[in-house]
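Asks: Structure of the sequence below:
(chains A, B and C)
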Amino acid sequence: MSLPPVGLPHLIGLSGILFVIGLVGVLTRRNILLILLSLELILNAANLAFVAFSRAHGDLSGQIMVFFVMIVAAAEVTVGLAITVLLSRLAGKLNADEMRNLKW
Amino acid sequence: MVTAAGPWIILFAPLAAFIGIVLFGRKSKPVSAGLAIAGMVVSLGFTLTFFFHSLHAHEAIETAVSWVELPGLTLEFGLLINPAAILMALVVTGVGLMIFLYSTGYMAEDSSYPRYFAYLSLFAFSMLGIVLANNFVTLFMFWELVGASSYLLIGYWYEKPSAAAAGKKAFLVNRIADFGFLIGILMVWNLSGMGGEARTLNFLQLEERLPEILHSGAVAPGLLAAIVLLVFCGVLGKSAQFPLHVWLPDAMEGPTPVSALIHAATMVAAGVYLIGRVFFLFWASPEALAVIAAIGGFTALFAASLALVENDIKRVLAFSTLSQLGYMVMALGLGGYVAGTYHLTTHAFFKALLFLGAGSVIHALHTNDIWQMGGLAKKMPATTFTFLAATLALAGIFPLSGFWSKDEILAVAFERNKLLWAVGTLSAAMTAFYMGRVFCVAFLGKPRSHHAEHAHESPPSMTVPLWILTVPTLIGGFIGIPQYLHHATEAGLHVEFNLFVALISTLAAVGGLGLAYAVYARGARPGLKGQELLSRLAVPLSRKFWVDEMYSWINQNVQQRFADLLALFERFIIIQLCVNGVAKVTGLAGSLLRTAQTGKVQTYAAMLLAGLGFLLYLNLK
Amino acid sequence: MIHPALFYTVSALTVASALGVILARRPIYAVLSLVLVLFGLSTLFVALHAFFVAAIQIVVYAGAVLVLFLFVVMLLDMEPEALLRARNKTMMGVGILFGLFFLGQLAAVAKALPAATGKPLPGTTAAIGKLLFTTYALPFEAASLLLLVGIIGAIVLAKKKL
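Replies: Purely as a prediction, here's the structure:
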C-alpha cells in the first residue's frame, strides 16, 4: 500500500482536529477541572502547528514559541488548579452550570 | 483712571448692592436699604464726574471687553458714554436715588423690605445697562433684564392676585414687543455687513458705516423702514405706545415708588432713550419716522383722553405718562432728537415728583381714589406744594421745566407737521385739564372721607426727596440741557424758540387748568353738572376704548384654540410617541439583550468564539 | 518528512485519546487520555526533529502538569460527569459549528500555504538553548517572572490562612 507523503497540510489538519475537539470540550464539559484539561488540549494543538511550521521553514523560533507556550500553560494550570481547589472548598461543587455569579 | 473704570463702576455698583443685599441683608432693614442707597450714591457720584468731564470734552468714551469671538461673529460687552448717556444716567441715578430714599419711608412697614430693595437695585442695574450699552446685544440683554426686574417689582405684592397678574401682563406684553425688537436687531446685524466689512452691532461703528451703506444703494428704502420699525417694536413695548400700552396702567399694582421708578426715570424712558441712542438709524428712514410720529401723536391724544375720567390717582398719572411718552416718540419721529430727549429728562423729574407725591397721599390715606381725598392742602402742605409744582410743570406753565421741553416738541411739530402740532396742542390742553382735576379734587375743597380728615404729613424721609425733586422741576428749563444735548448727535432737527407756538400752548394749558378749576374746585363731587356731562362721554374712556377686552377676546378665541391644538400634539405626539416611545424601545432592547447575559462562563466563551470567528472571516475573505 | 504509516497510526491514536479527554465520564480517565495525547504529540515532535520540545513535552507536560491535575482529581474526589449526550446540547452545537467553521478557514489557509523554504534544522537542545539565551533572552526572563507570579498566586489562593 502506498500512501501519499505526509507534508505540512497533514500536520496542520491534525492540529486543527485536536483544536476543535478541545473547543467542544471547553464548551460542553461541566466540571471546571475538565474545562481546564480541554484548554490544555487546545494549547497542544497549537504547539503541534508551531513545530510543523518550524520544521517546514527551517526556523527554530517556532520551537522556542512552543517552549514559551508550555511555560504559560504551566503557570495557568498552577493558578487555575488553585482556583479550582478554592472553589470546591468554598462552594462545595465544581459544576460550571451552577456558577452564575457573573450575573447578579 | 476715571474714564477707564468709571463706566463699569456706574453700571455695577447697583448690582453689587443687589448681591450684597441677597447675601448679607436679607434679615436687616437698615443693611438692605443702606446697601441699595450706597450703590446708587456710588453710581451717581461717578456719573457726576463724567458729567463735569463732558462739559469741556465732548467726545464719546467707549470701553468694551470681548465677549464672544467666533469666525464671523464677534460680540462685545461694552459701554459707551456720550452726553445723552450721561444725562440719562444722571436721571436714572439721581431720580432713582430720590426714590430709594423715599422708599425707606414709604415701605417702612413692609414685611419683606430687604427683598424690595434688592429688586430696586437689580432694576437700577438693568436700566443703567440699557443706558450705557455700546451695542445692540448688550443693550438687548439689559432690555430683557429690565423686563424681568419690572415683573418682580410690579408683582412685588404677589399675594394680591391683581398684582401678580399685572406683573405677568407687563412681562408678556414686553416679550411680544421684544420679539420684534430681536428680529430688528438681527436685521441690523445683516445690514451692517452690506458695505463689505465684518458685521457689527456696535453703535459707533454702525453710525459710521450707515451713510456708506445707504449711499451704495444696497438697501431698499422699504427694507430699511421695516428694520427701523422692527427696532421700534421694542420701543412700543417698553415705552408703552399704542397698541402695546395695555400693561402700563395695570403696572400701578406695584408699590408707588416702583411706579415712580418705572414710569418716570427708567423703564418707559428706555424706549424713548433707545430711539435717541440709535437716532442715526431712525433718521435714515423718513417713512418709518412718519409712522413713528403718527403712533406717538395718537398715543399722546389717546392716553390723555383716558386720563380725563380716571378716578385712581396713580392711574391718572399712568395715563399721563403714556401721553407724555407719546409726545416724546412723536418728537423723535418728527426728527426732534433734542426736543424728545429734553422732554424725557424734564418729564423724569416732574413725573417722579408726581408719583412720589401721590405715594405720600396714598401713604397717609390708604386709598387711591381721588374722590376719597380732598382738602389735603392744609393737612399736607409739603406734599401739596411739590405736587402743585409738578402739576404745573406737566401742564406746561411758564417758566417751569415742562414748559420749555414741551414747547420745543410743539415747535418741531409746528415746523414739520401741522396736524401733529394740533394733536399735540390738544393733548396739552387735556393734560392740563386732567392734572388740574386731580389737583383740585384731591387737594382742594373739603375732606371727603374719614381718612382725609385725619391725614398727616408724611415723614421727612419722604418729603425731603420731594423737595429735592422740586428743584429741577422748577428750574429744569434754564440749566442748558438742550445745548448740552446738541453734542450727542448730528442727526435731527434743531428749531428756534417759536413765540406763536409758545403762546398757543400756554393758552391751552391755562385754559385746561382753568376749566378744571371751574368744574372741580370747591367741593366738587361725582354727580355734579359738569361731571354728568363728562360721564356720558366717559363710557368708552373709562373702558379704555375696549383695547383690553379686544386683546382678551383674541387670547381666548384665537390663541387658546391654537394652544389647545398644540397641547394635543404635545400630549400624543411628543409625550406618547417621542418621550415614552424612546423609553419603551430602550426597555424592550434591554430585556432582549439581557437574555444574552446568562452568567455562565461557557456562554461568554462561546460569544468570544463568535467574535473571533467573525474577525477571522473578515480577515480571510 | 514523516513516514506516512507512522503519521497515520500516531494521529489516529492521538485523536482517539483527545476524544477520550472530552468524553470520559470519570475525570481520572480524562487526565490519563490527555497523557496519551501528549505522548502521541511527542512522537510526532521527534519525527519532526524537534528533539528538545519532545523531551520537555514528556518531562514537563506529562510529568509535572498532568501529575498536578491527577493530584487535584484525587484530592477533590469528584463524582463522574454526565454522558456527552446529556450535556448542554446548545453548547455542543455551537462548539461543533464553530469548530467546523474554523476547520474550513484552516483548510483555506492550508491550501494557500507557501512551499516550504529553507533547510530543515534539527531542534537539538544545544540549538534551542543557544537561541533561547541570545535572541530570546528577554522573553525567557519574563517567562521566569511569570512562573514566579504563578507560584505565588497558587500559594495565596490555596492557603487557608496566610
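
Asks: Tell me the helix or strand right after the helix or strand residue B:342 falls within.
Replies: Per DSSP states H and E, residue B:342 falls inside helix B:337-365. Reading on from helix B:337-365 to the C-terminus, the next helix or strand found by DSSP H and E is helix B:376-379.

Asks: Packing partners of that next one?
Replies: helix B:337-365, helix B:381-395, helix B:418-443 (3 or more CB pairs under 8 Å, 6 or more residues apart in numbering or on different chains; DSSP states H and E). Quick note: C-beta positions are derived from backbone N, CA and C, even for glycine.

Asks: distance between the shortest one and the chain's centre?
Replies: Here the centre of mass of C-alpha atoms in helix B:381-395, compared against the chain's by CA atoms, centre = their mean, to the nearest Å, lies 24 Å away.

Asks: quick one: the helix or strand following it to helix B:381-395, angle?
Replies: Scanning forward in sequence from helix B:381-395 by DSSP H and E, the next helix or strand is helix B:401-416. Per axes from the mean of the first three to the mean of the last three CA atoms, to 10 degrees, the angle that helix B:401-416 makes with helix B:381-395 is 10 degrees.

Asks: Could I get the CA-only coordinates of helix B:401-416 as CSV?
Replies: This file holds the C-alpha atoms of helix B:401-416, laid out as CSV (Å, rounded to 0.1, in the frame of the first residue of the first chain):
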residue,chain,number,x,y,z
SER,B,401,-39.3,122.9,33.1
GLY,B,402,-42.2,121.2,31.4
PHE,B,403,-43.0,124.4,29.5
TRP,B,404,-39.6,124.5,27.8
SER,B,405,-39.4,120.9,26.8
LYS,B,406,-43.0,120.6,25.7
ASP,B,407,-42.7,123.8,23.8
GLU,B,408,-39.6,122.5,22.0
ILE,B,409,-41.6,119.5,20.9
LEU,B,410,-44.5,121.6,19.7
ALA,B,411,-42.2,123.9,17.8
VAL,B,412,-40.7,120.9,16.0
ALA,B,413,-44.2,119.7,15.2
PHE,B,414,-45.3,123.1,14.0
GLU,B,415,-42.4,123.1,11.6
ARG,B,416,-42.8,119.6,10.3
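
Asks: Next, the angle helix B:337-365 makes with that helix.
Replies: 140 degrees.

Asks: thinking in terms of the whole chain, how far from its middle is helix B:401-416?
Replies: Centre to centre, stretch against its chain (CA atoms, centre = their mean), the figure for helix B:401-416 is 23 Å.

Asks: got it, and stretch B:590-610?
Replies: In terms of CA atoms, centre = their mean, the centre of stretch B:590-610 is found 68 Å from the chain centre.

Asks: what number of residues lie near residue B:612?
Replies: Number of residues near residue B:612 (other CB atoms under 10 Å in any protein chain shown) recorded here: 12.

Asks: how close does it get to chain C?
Replies: Residue B:612 is 8 Å from chain C, where distance means CB to the nearest CB, to the nearest Å.

Asks: Please tell me how far that residue sits from residue A:85.
Replies: Look at residue B:612 and residue A:85: by CB to CB, to the nearest Å, they are 30 Å apart.

Asks: ditto for residue B:172
Replies: Taking CB to CB, one finds residue B:172 at 78 Å from residue A:85.

Asks: how about the longest helix along chain A, does it get close to chain C?
Replies: As assigned by DSSP state H, the longest helix anywhere in chain A is helix A:61-91. Yes. Helix A:61-91 is in contact with chain C by CB under 8 Å from any CB of the partner chain, via A:61, A:63-64, A:66-68, A:70-79, A:81-86, A:88.

Asks: Buried among those residues? Make that a ChimeraX selection.
Replies: A single ChimeraX command selects the buried members of the residues of helix A:61-91 next to chain C (16 or more other CB atoms under 10 Å in any protein chain shown):
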select /A:63,64,66,67,68,70,71,73,74,75,76,77,78,79,81,82,83,84,85,88
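
Asks: how far does the strand or helix carrying residue A:51 sit from the chain's center?
Replies: Using DSSP H and E, residue A:51 sits within helix A:32-57. Remark: helix A:32-57 is offset 5 Å from the chain centroid, using CA atoms, centre = their mean.

Asks: how close does the nearest residue to residue C:43 once chain neighbours are set aside get to residue A:16?
Replies: Of all residues not flanking residue C:43 in the chain, residue C:10 sits nearest, at 5.1 Å (CB to CB, 6 or more residues apart in numbering or on different chains). For residue C:10, the distance to residue A:16 (CB to CB) stands at 16 Å.

Asks: Can I get stretch B:357-364 in CSV? Just the C-alpha atoms.
Replies: Output in CSV follows, covering the C-alpha atoms of stretch B:357-364 (Å, rounded to 0.1, in the frame of the first residue of the first chain):
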residue,chain,number,x,y,z
GLY,B,357,-46.4,113.0,45.9
ALA,B,358,-49.3,110.6,45.1
GLY,B,359,-47.5,108.0,47.1
SER,B,360,-47.3,110.4,50.0
VAL,B,361,-51.0,110.9,49.8
ILE,B,362,-51.7,107.2,49.5
HIS,B,363,-49.5,106.5,52.4
ALA,B,364,-51.4,108.9,54.5
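
Asks: Report the residue spans of chain C with pLDDT below the cut-off.
Replies: Under the criterion pLDDT under 70, the flagged ranges of chain C are C:1, C:81-88, C:114-118, C:160-162.

Asks: mind giving me the domain ranges of it?
Replies: What the record gives for chain C is the domain set C:4-119, C:124-162, from automatic domain parsing.

Asks: Please tell me how far the closest residue to residue B:468 other than its chain neighbours sits from residue B:251.
Replies: Leaving aside its sequence neighbours, residue B:468 sits nearest to residue B:98 (CB to CB, 6+ apart; 5.8 Å). Distance, residue B:98 to residue B:251, using CB to CB: 20 Å.

Asks: neighbour count winner among these two?
Replies: Between residue B:98 and residue B:251, counting by other CB under 10 Å, residue B:251 is the more crowded of the two (29 against 26).

Asks: check contacts around residue C:57.
Replies: A:47, A:70, C:38, C:41-42, C:45 (CB atoms under 8 Å, 6 or more residues apart in numbering or on different chains).

Asks: nope, residue B:585 is what I meant
Replies: No residues are in contact with residue B:585 under the rule CB under 8 Å, 6+ apart.

Asks: distance of it from chain C?
Replies: Using CB to the nearest CB, residue B:585 is found at 28 Å from chain C.

Asks: May I see the buried residues of stretch C:141-159?
Replies: Result for stretch C:141-159 [16+ other CB under 10 Å]: buried residues C:143, C:146, C:150, C:153-154, C:157-158.

Asks: ok, and the closest non-adjacent residue to the residue most central in space within chain C?
Replies: Nearest residue to the geometric centre of chain C (CA atoms, centre = their mean): residue C:38, 6.2 Å. Closest residue in space to residue C:38, ignoring its immediate chain neighbours: residue C:62 at 4.7 Å, by CB to CB, 6+ apart.
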